[in-house]
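A.B. asks: curious how this folds, go ahead:
(2 chains)
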Amino acid sequence: MTVGSQVKQTSASLKGVKATLDIYSAQSVTEEDRKLFETNSEKIERVITMLEQRISNLEFEEPQYKGL
Amino acid sequence: MEEWTIILIRSVIMFLIIVTFLRFIGRKQTSQMTYSDFVIGIVLGSTATLISFNVIKNLALGLIGFTAWVVLLVVLNYLSLKSKWFHDLFHGRETILIKHGKVLEDNLKEVKYTGEELLSQLRRKNIFNIADVEFAVMEANGEVSAMLKSEQTPITPKHLEWQVAANAEPQTVILDGNIMDEALRNQGLNRQWLQIELEKTGISIENVFIGQVDANGDLYVDLFDDAIQIPKPTTKELLYATLKKCEADLELYALSTNQPEVKKKYQDGATELSEVLQSLRIKLKR
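C.D. replies: Modelled structure (predicted):
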């Protein structure tokens, strides 16, 4: 069983990564760069969603890790 | 009129004439001047001095001579520009000294160079083995340019078939403490962005001596106070490292769970992240 807090940490890091990618995508000069950052940001979004689902499952199974 | 007033006035006149004239003939470094350019320059300089110090008593005569030399020089340069034949006549052609790795002794004699002088010139280009040279030519001004054999040329990203992010020139946005708005505009940024970036590093704008923005949008500053150390901008490396860590975490979770669907989910996530890492590698690492 994976520990809920660790998964939350990973999810938080990934959210930070996604935010930076969004900044780069907004700041990029060429269309090509922008697309690159956008696509990767979306991929990370999917991973974040999956992790969030997992977190809610974990919280259900182990209520002591709920919160935050 | 007294002697010293004459000299003062003449000096000022000649100074202004020379300065205007120099703007006119354009910029060429001393090392790239041909011998004739050099000699003509000396003549003009000496003439100006003689006029300036009243050695040539008649100002009109002095100026006529000076102007004649100037006009001839301008005409020479103009003709060299327009006609290749004329250019070759006055500035000389390049002479090939080494071809296909072999020294052409006859050409060497033509330019009156000894083997020792050739080696010395090559050493000045950091070439110590004549065996490394594929092609060497002596330029019109006497300088030797050498091309190395392909095995000896330094490795470029092209050789390794690496893809690298394109290199763009950095813009200097703060110089001597002044903000260069035009440079900021060239990068598509403005003063507010600059303020925010400086806030992020905790430095106030009065402390900055030089500030440069590179093609990736990272700001590098040099402060007036040299004792303060600024951390180098590492957002990109940090991003890459964080992604790697998250990928590793996901693989760890995949291993530590027993339920097969959960395992698969984590593994898919890890694969997605590794794809992201691959595609962003070019931008973030190199």
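A.B. asks: the helix or strand hosting A:Lys15 vs chain B: in contact?
C.D. replies: According to DSSP states H and E, A:Lys15 maps onto helix A:4-27. Yes - judged by Cβ under 8 Å from any Cβ of the partner chain, helix A:4-27 comes into contact with chain B through A:Gln6, A:Val7, A:Gln9, A:Thr10, A:Ser13, A:Leu14, A:Gly16, A:Val17, A:Thr20, A:Leu21, A:Tyr24, A:Gln27. Any C-beta I mention is one placed from the backbone N, CA and C, and that applies to glycine too.
A.B. asks: wait, isn't the first one in contact with B:Leu250?
C.D. replies: In this case it means A:Gln6. No - A:Gln6 is not in contact with B:Leu250 according to Cβ atoms under 8 Å; the separation is 10.7 Å.
A.B. asks: more neighbours, the two?
C.D. replies: A direct count of neighbours by other Cβ atoms under 10 Å in any protein chain shown for A:Gln6 and B:Leu250 places B:Leu250 higher, at 27 against 15.
A.B. asks: identify the residues contacting that one.
C.D. replies: A:Thr10, A:Val47, B:Tyr266, B:Gln267, B:Gly269, B:Ala270, B:Leu273 (Cβ atoms under 8 Å, 6 or more residues apart in numbering or on different chains).
A.B. asks: surely the first one is in contact with B:Asp249?
C.D. replies: Looking back up the chat, that one is A:Thr10. Yes - contact criterion Cβ under 8 Å: A:Thr10 and B:Asp249 qualify, at 4.5 Å.
A.B. asks: those two: who's more crowded?
C.D. replies: The residue with more neighbours, out of A:Thr10 and B:Asp249, is A:Thr10; 26 against 23, by other Cβ under 10 Å.
A.B. asks: packing partners of the helix holding A:Lys15?
C.D. replies: helix A:31-61, helix B:235-256 (3 or more Cβ pairs under 8 Å, 6 or more residues apart in numbering or on different chains; DSSP states H and E).
A.B. asks: residues of that helix that come out buried?
C.D. replies: With burial defined by 16 or more other Cβ atoms under 10 Å in any protein chain shown, the residues of helix A:4-27 counted as buried are A:4, A:7-8, A:10-11, A:13-14, A:17-18, A:20-21, A:24-25, A:27.
A.B. asks: now those residues in CSV, with distance to B:Leu223 and pLDDT?
C.D. replies: Shown next, in CSV, are these (distance: Cβ to Cβ, whole Å; pLDDT from 0 to 100):
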residue, distance to B:Leu223, pLDDT
A:Gly4, 45, 79
A:Val7, 42, 86
A:Lys8, 39, 87
A:Thr10, 37, 87
A:Ser11, 38, 88
A:Ser13, 32, 87
A:Leu14, 35, 88
A:Val17, 31, 86
A:Lys18, 33, 88
A:Thr20, 26, 83
A:Leu21, 31, 86
A:Tyr24, 27, 82
A:Ser25, 31, 85
A:Gln27, 25, 76
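A.B. asks: pull the most distant pair out of these.
C.D. replies: Using Cβ to Cβ, the two most remote members of those are A:Gly4 and A:Gln27, lying 34.9 Å apart.
A.B. asks: OK, contacts around the nearest residue to B:Asn207 once chain neighbours are set aside?
C.D. replies: Spatially, and ignoring its direct neighbours in sequence, B:Asn207 is nearest to B:Leu223 (4.9 Å; Cβ to Cβ, 6 or more residues apart in numbering or on different chains). By Cβ under 8 Å, 6+ apart, the contact set of B:Leu223 is B:Ile203, B:Asn207, B:Val208, B:Phe209, B:Ile230.
A.B. asks: taking those one by one, which sit in strands?
C.D. replies: B:Val208, B:Phe209 (DSSP state E).
A.B. asks: the residue in the stretch 51-200 of chain B that chain A sits nearest to: neighbour count?
C.D. replies: Closest contact between the stretch 51-200 of chain B and chain A, by Cβ to the nearest Cβ, is at B:Gly188 (6.7 Å). Burial of B:Gly188 is recorded as 11 neighbouring residues (other Cβ under 10 Å).
A.B. asks: just give me how far the helix or strand of chain B with the lowest mean pLDDT sits from the chain centre.
C.D. replies: Sorting the helices and strands of chain B by mean pLDDT, DSSP states H and E puts helix B:84-91 at the bottom, at a mean of 77. Its chain's C-alpha centre and that of helix B:84-91 lie 29 Å apart, by Cα atoms, centre = their mean, to the nearest Å.
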